[in-house]
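> Here is a sequence with its predicted model. Questions after.
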Amino acid sequence: MEKFLVPATVSICAKCSDLCSTEVKTKNGKVLAVNDGYVPKFMPGEHYGDYVILDIDIATGKILNWNPGKYIRKKVQEFIDENPVKFFIGEGDIDTEYK
């Protein structure tokens, strides 16, 4: 009987060459920020603004190197502040649990 190694993780490193398109949206799909250019600072890994580096669990689809702590929330908020999209805030758009 042959034995096989069972794959558990897919690691992806993609070079964007200043062509990374990023949107941050609310739960309801409204766009808060848009940027085309460098990979945002909140992305995991030593990306130097040019690489998207993701480690993905094959079984769950979860991004393993994503740390959803306060540091990431702070970096995402900085991204929103630097790349805002103006829109009318409607009912249900404010998430009081975010911060």
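Yep, it's here.

> any idea how far the spatially most central residue of the chain is from Asn28?
Most central in the chain under C-alpha atoms, centre = their mean is Met43, positioned 5.6 Å from the mean C-alpha point. Using C-beta to C-beta, to the nearest Å, Met43 is found at 24 Å from Asn28. All C-beta spots, glycine's among them, are computed from the backbone N, C-alpha and C.

> Show the average pLDDT along stretch 41-52.
Averaging pLDDT along stretch 41-52 gives 91.

> Show the end-to-end separation of it, please.
End-to-end span of stretch 41-52 (C-alpha to C-alpha, to the nearest Å): 11 Å.

> Contacts for that stretch next, please.
Applying C-beta atoms under 8 Å, 6 or more residues apart in numbering, the contact partners of stretch 41-52 are 12-18, 20, 38-39, 53-54, 63, 65-67, 72, 75-76, 78-79.

> ok, now stretch 73-87?
22, 24, 30-35, 40-42, 98-99.

> What are the buried residues along it?
76-77, 79, 83 (16 or more other C-beta atoms under 10 Å).
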